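*Asks:* From the sequence below, what's the structure:
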Amino acid sequence: MRELIRSNDAVLLSFAETLLRERGIGHFLADYNMSVVEGSLGVLARRLLVDEDRFEEARRLLCDAGLADELRPAKPA
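*Replies:* Here you go, the predicted structure:
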């Protein structure tokens, strides 16, 4: 899996997850439990990961939805 977004913004992550789910792109929200444990300090961001084989498709989808500025830099696999 590859990281698409790293954020503390629950609304942003929920929106991105909804877009991915509707397109049938497998994804995983990592570090969710750690961010809950730390409370509202905002120190530990959650990471939205997608399946490697659909990474580019997921990036295009989120860019088309206006989330280009939220995406992590694409690094070669």
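*Asks:* Show me what the strand or helix carrying residue 57 packs onto, helices and strands only.
*Replies:* Assigned by DSSP states H and E, residue 57 belongs to helix 55-64. Counting contacts by 3 or more Cβ pairs under 8 Å, 6 or more residues apart in numbering; DSSP states H and E, helix 55-64 packs against strand 2-7, helix 10-23. In this view, the C-beta of every residue, glycine as well, is placed from N, C-alpha and C.
*Asks:* Give me the distance from the first one to the chain's centre.
*Replies:* Distance of strand 2-7 from the chain centroid (Cα atoms, centre = their mean, to the nearest Å) equals 4 Å.
*Asks:* One more: stretch 67-77?
*Replies:* 10 Å.
*Asks:* Next: stretch 44-59.
*Replies:* Worked out by Cα atoms, centre = their mean, stretch 44-59 lies 6 Å from the chain centre.
*Asks:* Go ahead and name everything in contact with that stretch.
*Replies:* 1-8, 13, 16-17, 20, 23, 25-32, 34-35, 38, 71, 74, 77 (Cβ atoms under 8 Å, 6 or more residues apart in numbering).
*Asks:* same check, this time on stretch 67-77
*Replies:* Against stretch 67-77 from outside (Cβ under 8 Å, 6+ apart): 2-7, 12, 15-16, 52, 55, 59, 62-63.
*Asks:* Following element in sequence after the helix or strand of the chain with the lowest mean pLDDT, please.
*Replies:* When the helices and strands of the chain are scored by mean pLDDT, DSSP states H and E, helix 32-37 comes last with a mean of 60. Following helix 32-37 in sequence order, the next helix or strand is strand 46-50 (DSSP H and E).
*Asks:* beta partners of the most centrally placed residue in the chain?
*Replies:* Most central in the chain under Cα atoms, centre = their mean is residue 48, positioned 2.7 Å from the mean C-alpha point. Per DSSP bridges, the residues bridged to residue 48 are residue 5, residue 29.
*Asks:* coming back round to it: output the helix holding residue 57 in PDB, but only the C-alpha positions, please.
*Replies:* Coordinates of each C-alpha in helix 55-64 appear next as PDB, following Å, rounded to 0.1, in the frame of the first residue of the first chain:
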ATOM      1  CA  PHE A  55      -2.400   4.200  -6.700                       C
ATOM      2  CA  GLU A  56      -2.300   6.400  -9.800                       C
ATOM      3  CA  GLU A  57      -6.100   6.000 -10.400                       C
ATOM      4  CA  ALA A  58      -6.700   7.100  -6.800                       C
ATOM      5  CA  ARG A  59      -4.400  10.100  -7.200                       C
ATOM      6  CA  ARG A  60      -6.300  11.200 -10.300                       C
ATOM      7  CA  LEU A  61      -9.600  10.700  -8.600                       C
ATOM      8  CA  LEU A  62      -8.700  12.800  -5.600                       C
ATOM      9  CA  CYS A  63      -7.100  15.500  -7.900                       C
ATOM     10  CA  ASP A  64     -10.300  15.700  -9.900                       C
END
